[in-house]
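Asker: Fold the following and give me the result.
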Amino acid sequence: MKQKLNLSILFLSTALISGSCNKVLDKNNLAAVGPDQVWTDANMANAYLNQVYNDNMPGNTSGGGNGTDEGVPYQKQTDSWFRGTATFDSKSSFGNYNNVRNINILLEKIAQASFAESEKNKIKGQALFWRAWAYHRMVSDHGGVPLILEAQQPSSDLTQLQKPRNKTSECVTQILKDLDDAIALLPDAFTDADYGRVDKGVALAFKGRVLLFYASPLFNGLGGVASWTKAFNANKAAKEFLDARGKGLYSPFSKIWDDEMNKEVVMVRRYNYPQATYFQGGLMPLNWSKDDVGYDRPSLELVNAFPMKDGSAWEAQVRSYDTLFRNRDDRFYANIYYNGAPNQYLKGMRDDKSYLWTYFTSISNYNGATGLEGAHNQVTSDPLWSNSSFYRIKAIDKGIDKGTVYNAAVDWIEIRYAEVLMNYGECANETGNTAAAVDVLKQIRARAGVLPGMAGNYGITAATPADIRAAYQKERFVEFSFEGKRMNDLRRWKMFGYLRSLPQRHGIAVLLKPGQTDVSPMSDINMVWDKFTSTVITTDAVDIAIKDQYYIYGIPKSVLDKNPLLKQNNNWGGDFDPLQ
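Answerer: Modelled structure (predicted):
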């Protein structure tokens, strides 16, 4: 039986934070844990820490692709960001201050704890990591925020709690300090029941991610706080540490999410049935799901980005979408479900002895108000079909079906070794080491089953820093699809112009040719592909008009109203410069 870090909460007395009321008729709750007791026992202190994990640890992405070029919108629904009509109230991560307060309480109390210093250091190291994590989430979205590094005491005078925004550079300096302090305290690894907690390797890898983000063109290094050299050194240190711990690229790519705790896993949120599960219904075809639909349907832009088996680009020559499934790299088949793909990745498909078929028997309108209009095939009768004709495979629980869509238990790998490796390679390119950068791309493609070719370059032709940078942008699109990284990549590279140039996301309409009969549930697509025609279609309600203003999010009015010391970002009409 696998051991899991249990993120369930030990219910502590409300006195832990707010104190208790003493009235004549009050009686002591003998089952409650008093605040002083928590910090006299490492197990209880770890239970408090578990709440911090629960509040901050990411889980399996669901729907994130709908808001990027990874996925298509459900039934031609283009959100306000892509329409260019968003406001500073449209997106915010300022709610993270609740999490910061809980962490600050832990850091204050752990210093006074009476148990062993070694246990105190491990807990403090994890808490410092999570404070850096919480602040990075806010700062990467909004620029500088008020740095609050102590647990503020409740007060009826709110002016005592209000703080102005710190510069972005000051915040990033503090994030890096917290991470350095955490790295010094954390163990090399956790074992047994603690397997999955944040260890030294996680903190090193996250430091590399942070520095890469702020070194990139959007924040442009913040005057040297996050230079490309610092980012390179941090990611090199993370890579070397993980290499020494036996971490590396795991093969085959298709098993990364199935074979739990393999050597590619760096930072992970662990799940198990029945104690810790989550809902995946919205990701699955409705034939074998329920209660939600329309998330993370791969776009044709993503499908096109996967290399061919020989490493060449899909667009390197004229090809037919009728046979788009032929000779692609291994990641294509592990990520993309296409019409008739011979991959029964769902229990319901195996039970029904069927593949997933996305073709139509007739199409009356290729550009209807909600998408394709016509008659969907009845081999797979899904009445709410994919708007692109593709479905996501990555990190889907292969054991759930229509009756158990709330019981998904696939671990969520937040940081993979591949990310650390590619962060290192990208920084190498930006600091003049193009050979190391290209070597990383070769490693990534070799693991993906791309053939080395006569030149041994795995289809990589980039040689200049600019071309290698573009190669990384495309390779990350493929390697990390549906892992919640795409929008931050588009932001840090300042690529909204690319989105506008599309000018819409696309899919394909697969139509049964006149006179052809339906396939059988498990027909071989390699034998029946010529029964269909494939037509490229647009999937947005309107052309993408996302504004460069949106690279850094505004501060919501509700937040500004609560704290008059806060200033709005200058890209949203205020006086605060988030790029300093």
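Asker: buried stuff in stretch 72-86?
Answerer: Buried residues in stretch 72-86, defined by neighbour count with 16 or more other Cβ atoms under 10 Å: V72, P73, Y74, Q75, K76, Q77, T78, W81, F82, R83, G84, A86. For the C-beta atoms, the positions are set from N, CA and C on the backbone; glycine is no exception.
Asker: same thing with stretch 366-379?
Answerer: For stretch 366-379, the neighbour count (16+ other Cβ under 10 Å) marks G371, L372, H376, N377, V379 as buried.
Asker: do the same with stretch 310-320
Answerer: G311, W314.
Asker: got the CA coordinates for that stretch in PDB?
Answerer: Taking Å, rounded to 0.1, in the frame of the first residue of the first chain, the C-alpha atoms of stretch 310-320 are listed here in PDB:
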ATOM      1  CA  ASP A 310      12.100  12.200 -37.400                       C
ATOM      2  CA  GLY A 311      12.100  15.500 -35.400                       C
ATOM      3  CA  SER A 312      10.900  17.700 -38.300                       C
ATOM      4  CA  ALA A 313       8.100  20.200 -37.700                       C
ATOM      5  CA  TRP A 314       4.600  19.300 -38.800                       C
ATOM      6  CA  GLU A 315       4.500  22.500 -40.900                       C
ATOM      7  CA  ALA A 316       7.900  21.700 -42.500                       C
ATOM      8  CA  GLN A 317       6.000  20.400 -45.500                       C
ATOM      9  CA  VAL A 318       2.400  20.200 -46.800                       C
ATOM     10  CA  ARG A 319       0.600  17.400 -44.900                       C
ATOM     11  CA  SER A 320      -3.000  16.100 -44.800                       C
END
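Asker: Next up, the contacts around G67.
Answerer: Going by Cβ atoms under 8 Å, 6 or more residues apart in numbering, G67 touches D79, W81, F82, M487.
Asker: Adding secondary structure and pLDDT, write those residues out as a markdown table.
Answerer: As requested, these are exported to a markdown table (DSSP: H, G, I helix; E, B strand; the rest coil; pLDDT from 0 to 100):
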| residue | secondary structure | pLDDT |
| --- | --- | --- |
| D79 | coil | 94 |
| W81 | helix | 95 |
| F82 | helix | 96 |
| M487 | helix | 97 |
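Asker: Report pLDDT for A15.
Answerer: Looking at A15, its pLDDT stands at 35.
Asker: coming back round to it: mind putting the buried residues of stretch 366-379 in CSV, distance to I468 and secondary structure included?
Answerer: Shown next, in CSV, are these (distance: Cβ to Cβ, whole Å; DSSP: H, G, I helix; E, B strand; the rest coil):
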residue, distance to I468, secondary structure
G371, 38, strand
L372, 39, strand
H376, 44, strand
N377, 44, coil
V379, 45, coil
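Asker: Please state the backbone phi and psi of F206?
Answerer: phi -70, psi -40 (degrees, to the nearest 10).
Asker: That one and W130 touch, don't they?
Answerer: No - assessed by Cβ atoms under 8 Å, F206 is found out of contact with W130, at 10.3 Å.
Asker: before we move on, what SS does N387 have?
Answerer: What DSSP: H, G, I helix; E, B strand; the rest coil gives for N387 is coil.
Asker: And it, how far from D69?
Answerer: Distance, N387 to D69, using Cβ to Cβ, to the nearest Å: 14 Å.
Asker: N60 now?
Answerer: In terms of Cβ to Cβ, N60 sits 20 Å off from D69.
Asker: now R416
Answerer: 21 Å.
Asker: which sections of the protein are below the confidence cut-off?
Answerer: 1-36 (pLDDT under 70).
Asker: can you point me to the longest strand in this structure?
Answerer: strand 360-368 (DSSP state E).
Asker: neighbouring contacts of that strand?
Answerer: Contacts of strand 360-368 (Cβ under 8 Å, 6+ apart): 76, 372-377, 509-512, 518, 535, 537-538.
Asker: Could you pull out the strands in the stretch 351-500 of the chain for me?
Answerer: Assigned by DSSP state E, counting those that start in this stretch, the stretch 351-500 of the chain shows strands spanning 360-368, 371-376, 391-392, 412-416.
Asker: A276 is nearest to which of these?
Answerer: Closest approach to A276 among the strands of the stretch 351-500 of the chain is made by strand 412-416 (10.8 Å; Cβ to Cβ).
Asker: List the buried residues for that closest one?
Answerer: Quick answer for strand 412-416 (16+ other Cβ under 10 Å): W412, I413, E414, I415, R416.
Asker: Give me the sheet partners of that strand and which way each runs.
Answerer: strand 265-269 (antiparallel) (DSSP bridges).
Asker: Can you name every helix or strand that the helix or strand that the strand it pairs with is followed by contacts?
Answerer: Moving toward the C-terminus from strand 265-269, the next helix or strand (DSSP states H and E) is helix 300-305. Secondary-structure packing of helix 300-305 (3 or more Cβ pairs under 8 Å, 6 or more residues apart in numbering; DSSP states H and E): helix 465-479, strand 506-512.
Asker: how much space between the residue nearest the centre of the chain and G507?
Answerer: Centroid check for the chain by Cα atoms, centre = their mean gives G484 as the closest residue, at 2.2 Å. Using Cβ to Cβ, G484 is found at 22 Å from G507.
Asker: again, but for H142
Answerer: Distance from H142 to G507, counting by Cβ to Cβ: 33 Å.
Asker: Show me what counts as buried in the helix or strand that contains K230.
Answerer: Per DSSP H and E: K230 is located in helix 228-244. By neighbour count on 16+ other Cβ under 10 Å, the buried set for helix 228-244 is 228-239, 241-242.
Asker: what residues are up against the closest residue to S386 other than its chain neighbours?
Answerer: Residue nearest to S386 in three dimensions, not counting chain neighbours: R297, with 4.4 Å by Cβ to Cβ, 6 or more residues apart in numbering. Contact analysis of R297 by Cβ under 8 Å, 6+ apart lists G65, N66, G71, V72, Y74, S386, N387, S388, F390, Y391, R392, G507.
Asker: Assess the claim that the fifth one and G65 are in contact.
Answerer: No - contact criterion Cβ under 8 Å: Y74 and G65 do not qualify, at 11.0 Å.
Asker: if I look at these two, which residues touch both of them?
Answerer: Common neighbours of Y74 and G65, using Cβ under 8 Å, 6+ apart, are Y295, R297.
Asker: quick one: which of the contacts of R297 is nearest M349?
Answerer: Scanning the contacts of R297 for proximity to M349, where the rule is Cβ to Cβ, the winner is Y391, at 11.0 Å.
Asker: Next, count neighbours for D439.
Answerer: D439 has 15 neighbouring residues, counting by other Cβ atoms under 10 Å.
Asker: need the contact list for it.
Answerer: D439 touches G425, counting by Cβ under 8 Å, 6+ apart.
Asker: What of the one 4 residues further on?
Answerer: Residues in contact with Q443 (Cβ under 8 Å, 6+ apart) are L249, L421.
Asker: so which strand or helix has the residue nearest to G554 when sequence neighbours are not counted?
Answerer: Nearest residue to G554, sequence neighbours excluded (Cβ to Cβ, 6+ apart): F88, at 2.5 Å. Per DSSP H and E: F88 is located in neither a helix nor a strand.
Asker: for the longest helix belonging to the chain, packing partners?
Answerer: Longest helix in the chain by number of residues (criterion: DSSP state H): helix 117-142. Other helices and strands packing on helix 117-142, by 3+ Cβ pairs under 8 Å, 6+ apart, are helix 42-56, helix 97-110, helix 168-185, helix 200-215.
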